[in-house]
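build me a model from this:
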Amino acid sequence: MPPKQSSDALCKRLGYVFKQPQLLQRALTHRSYAPEHNERLEFLGDSVLGCVIASYLYGSYPQLSEGELSRLRSNLIREDTLAILAQQLELGSHLRLGEGELKSGGFRRPSILADAMEALFGAVLLDAGFAAAEKVVLGLFVPYLAKVDVQTLGKDAKTLLQEHLQGKRIPLPSYSVIATQGQAHEQSFEVECAIPSLKISTRGTGSSRRNAEQQAAQEACQQLSIHHD
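Residues are numbered from 1 along each chain as shown. Model (predicted):
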């Protein structure tokens, strides 16, 4: 269990000081700790986050299509990304969790961290309005966006591989199932991804043909040094 830190340290990292500290406490309170928890704030923050990110992406990336903007937004507001930002804020050491969640390491659980991040955004909205919430959200996400490749963020390995080959006018890979194992309800597939013109042949395994194809494509991407964020 991490040592508890003062809320002043969190506010400093967040770049925002609450006029109503009780809103911050509510945002940091998990349902396992008290009846007055952060789930309603999380609902509010989720909407704020989606709106702020959509507006920012629309204005910052005029070259991206609607589909590309949607993919990028979905990747930015997903649990994994929120949990990464929560770790940067050392949010886990500020959460108020019930004894069971503390013992099971809830302060490290991505879902709990992500929910608390959204609750924080909702709390800022109630404390000072939309502009303040927007500033807090962008203060966290703009530096994160600067470190990733927006062209590949959120794309699966098969898509990245296909786009790379198309860009170089190389024939697209072929995928073929070379083995299956197990009973019908729990089969395992082995798939080959072949790019004959580059003399590349990779294999992947998975619980479905689609998963196995993605694994094989990921191996091919690694051989071709195609980065997959």
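
show me this structure divided up by domain.
Split into domains by automatic domain parsing, the chain comes to 7-146, 157-223.

so what's residue 58 up against?
residue 69 (Cβ atoms under 8 Å, 6 or more residues apart in numbering). Placement of C-beta: from N, CA and C, glycine included.

for it, give its distance to residue 150.
Separation of residue 58 from residue 150 (Cβ to Cβ, to the nearest Å) stands at 13 Å.

ok so, going back, would a markdown table of the domains of the chain with mean pLDDT be doable?
Rendered in a markdown table, the data for these read as follows (pLDDT from 0 to 100):
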| stretch | mean pLDDT |
| --- | --- |
| domain 7-146 | 93 |
| domain 157-223 | 90 |
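
of the ones you listed, flag the one that's most buried.
domain 7-146 (a mean of 17; mean count of other Cβ atoms under 10 Å).

that one: end-to-end distance?
Length of domain 7-146, first residue to last, Cα to Cα, to the nearest Å: 28 Å.

and that domain, how far out from the chain's middle?
The chain centroid and the centroid of domain 7-146 are separated by 12 Å under Cα atoms, centre = their mean, to the nearest Å.

number the chain from 680, please
All right, first residue 680 from here; so that's domain 686-825.

the helix or strand harbouring residue 702 packs against which elements?
Assigned by DSSP states H and E, residue 702 belongs to helix 700-706. The contact analysis (3 or more Cβ pairs under 8 Å, 6 or more residues apart in numbering; DSSP states H and E) places helix 700-706 against helix 686-693, helix 718-739, helix 789-807.

what's the host helix or strand of residue 820 packed up against?
According to DSSP H and E, residue 820 maps onto helix 809-825. For helix 809-825, the packing partners by 3+ Cβ pairs under 8 Å, 6+ apart come out as helix 686-693, helix 718-739, helix 745-755, helix 758-767, helix 789-807.
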